[in-house]
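Undergrad: Need a 3D model of the sequence below.
(one chain, ligands or ions: 1)
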Amino acid sequence: MKHLRLLCILSVMYCGTVNAATIQAAGMSVSACAPALAIINKLDYPGDWKVMVVGEKLWRDGHFASGLAVTDRANHVTLIRAQAFTDLHLTGKYITPRHVLAHELGHIVCDCNDEWKAEQYAAAYGKD
Ligand SMILES: [Zn+2]
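TA: Residues are numbered from 1 along each chain as shown. Prediction:
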């Protein structure tokens, strides 16, 4: 995943550890991590996983497209767009950040790119 390299060069700030998963902020202030920490605390992310909350400018610069999150299973990293926490209609339809993080966890659990399976997981665990 070439975009990860971009994030590595930039200063990534440590936000906290939840159930052993590490939460970091990239291109934004650490104080904005609180909602991510609260959500991941309720989800069963693997202990060796890293979740990065990515600021909008960095997200656009990284060309992560119009999506809300990206998961790199090989490197155990999930990137979530910071704006997903503040604008729940960002994609044109209402999606909560918990649903987004549960969907990404669905990919991790099934270890697949199957969007249907990820959505099934999010439907089961992504409710606020
Ligand atoms: Zn997906």
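
Undergrad: ok, and the closest non-adjacent residue to residue 113?
TA: Nearest non-adjacent residue to residue 113, counting by C-beta to C-beta, 6 or more residues apart in numbering: residue 107, 6.7 Å away. C-betas here are computed from N, CA, C, even on glycine.

Undergrad: Was I right to think the one you found contacts residue 118?
TA: Yes. Under the criterion of C-beta atoms under 8 Å, residue 107 makes contact with residue 118 at 4.8 Å.

Undergrad: On the three-state scheme, the residue nearest to the spatial centre of the chain is what?
TA: Nearest to the geometric centre of the chain sits residue 80, at 3.1 Å (C-alpha atoms, centre = their mean). Here residue 80 is strand, with the state taken from DSSP: H, G, I helix; E, B strand; the rest coil.

Undergrad: That one and residue 13, how far apart?
TA: 15 Å (C-beta to C-beta, to the nearest Å).

Undergrad: same thing with residue 79?
TA: Counting by C-beta to C-beta, the gap from residue 79 to residue 13 is 14 Å.

Undergrad: Lovely, talk soon.
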